[in-house]
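S.K.: Predicted model and sequence below, questions to follow.
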Amino acid sequence: MPDPRKAPRHTGDSPIAKARLAAGLTQEQLAARMGITQKAITNWERGARNPKLATIRKIADALGIDWTSLID
């Protein structure tokens with residue numbers, strides 16, 4: 001059973017946030033899978049920064065989805 005203190009955080013309606021939440025992951029868990037900081041995930045989900053195409057592919061790989069589903 002998932003730890004309720006580690007519930008997936010929602011920071012917007014971005015495709016990345018939606019896909020991460022659908023995968024049942026926290027920002028921290030996705031960041032760990034990718035070997036990056038949680039702050040980077042937050043920035044992408046809030047729209048404060050935009051990931052490069054190569055990074056979008058890495059996000060999709062970490063989530064086990066097709067990268068085109070992350071494109072608005």
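M.R.: Structure received.
S.K.: the longest helix in this structure is where?
M.R.: helix 53-63 (DSSP state H).
S.K.: So which bits of that one are buried?
M.R.: For helix 53-63, the neighbour count (16 or more other C-beta atoms under 10 Å) marks 55-56, 58-60, 62-63 as buried. Bear in mind the C-beta positions are built from the backbone N, C-alpha and C, glycine included.
S.K.: isn't Ile16 right up against Glu45?
M.R.: Yes. Assessed by C-beta atoms under 8 Å, Ile16 is found in contact with Glu45 at 5.4 Å.
S.K.: low pLDDT regions in the chain?
M.R.: For the chain, the stretches flagged by pLDDT under 70 are 1-12, 72.
S.K.: Mind jotting down where the helices sit in this protein?
M.R.: 15-22, 27-34, 38-46, 53-63.
S.K.: Redo those as CSV? Include distance to Ser69.
M.R.: Converted to CSV, the helices of the chain look like this (distance: least, C-beta to C-beta, whole Å):
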stretch, distance to Ser69
helix 15-22, 7
helix 27-34, 15
helix 38-46, 15
helix 53-63, 7
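S.K.: Looks like Thr71 contacts Ser14 (just checking).
M.R.: Actually, residue 71 is Ile. It isn't Thr. No. Using C-beta under 8 Å, Ile71 is not in contact with Ser14; the gap is 11.1 Å.
S.K.: Among the two, which residue is more densely surrounded?
M.R.: Ser14 (15 against 10; other C-beta atoms under 10 Å).
S.K.: thought the more buried one was touching Gly47?
M.R.: Yes. At 6.4 Å, Ser14 counts as touching Gly47 under the criterion of C-beta under 8 Å.
S.K.: okay, the buried residues of helix 53-63 in a markdown table with distance to Gly35 next?
M.R.: Converted to a markdown table, the buried residues of helix 53-63 look like this (distance: C-beta to C-beta, whole Å):
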| residue | distance to Gly35 |
| --- | --- |
| Thr55 | 12 |
| Ile56 | 16 |
| Lys58 | 9 |
| Ile59 | 12 |
| Ala60 | 15 |
| Ala62 | 9 |
| Leu63 | 14 |
